[in-house]
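Trainee: quick one: sequence plus predicted model below, questions after.
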Amino acid sequence: MKFPATALALLGLAAPALAADIPYPDGYRNWRHVKSMVIQPGHALFDAFGGIHHLYANDKSLQGYETGQFPDASVIVFDLLDASAADHAITEGARKVVGVMHKDAKKFAATGGWGFEGFGGGDRDKRVVGKNAATACFACHAAQKDHDYVFSSARD
């Protein structure tokens with residue numbers, strides 16, 4: 001499945017200069033689950049983000065969720081899957097993308113200390129970024145400056 005370019009731009013997964021420096025987040029589904037949500041038809045972001053979203057945080061990023069400032073080596077994963085609705089239930093379908101935010105204040109200083117990458121279909125060898133990903137990602141995340149550029153909050 002090809003992930004739409006407009007979705008990549010909105011996700012901010014369109015092309016950090018150092019995207020190759022961001023590794024695939026092995027074992028991320030064993031990390032702390034931060035939250036899930038479903039974007040359904042009718043939502044303004046459905047074309048780009050339609051489906052089931054799961055967010056995962058590594059141990060370092062848990063400190064950031066508590067304090068509002070994420071230390072270097074924090075990694076947040078945005079796992080986006082197709083959603084199927086049948087018999088009054090919504091279930092996961094194919095993986096669309098594994099989006100990654102990786103904190104390194106020096107390496108990614110131009111984008112608030114965060115690097116961004118996306119892996120199409122969750123395939124570690126299919127980086128779905130373009131030349132301007134950092135700009136596209138950061139442009140969206142800039143609104144969250146007071147929360148260290150992170151949209152999500154951890155649940156209890």
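Mentor: Alright, I've got the coordinates.

Trainee: what segments of this protein are helices?
Mentor: Along the chain, counting by DSSP state H, helices occupy 5-11, 46-49, 59-67, 133-141.

Trainee: just the mean pLDDT for the third one, thanks.
Mentor: When you say that, I think you mean helix 59-67. Across helix 59-67, pLDDT averages out at 95.

Trainee: who does it touch, helix- and strand-wise?
Mentor: strand 32-39, strand 75-86, strand 89-103 (3 or more C-beta pairs under 8 Å, 6 or more residues apart in numbering; DSSP states H and E). The C-beta positions use only the backbone N, C-alpha and C, and glycine is treated the same way.

Trainee: how about TSV for these, with mean pLDDT and mean neighbour count added?
Mentor: Shown next, in TSV, are those (pLDDT from 0 to 100; neighbours: other C-beta atoms under 10 Å):
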stretch	mean pLDDT	mean neighbour count
strand 32-39	94	15
strand 75-86	95	18
strand 89-103	95	20
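
Trainee: adding distance to residue 138, write those out as a markdown table.
Mentor: Below are these laid out as a markdown table (distance: least, C-beta to C-beta, whole Å):
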| stretch | distance to residue 138 |
| --- | --- |
| strand 32-39 | 20 |
| strand 75-86 | 14 |
| strand 89-103 | 10 |
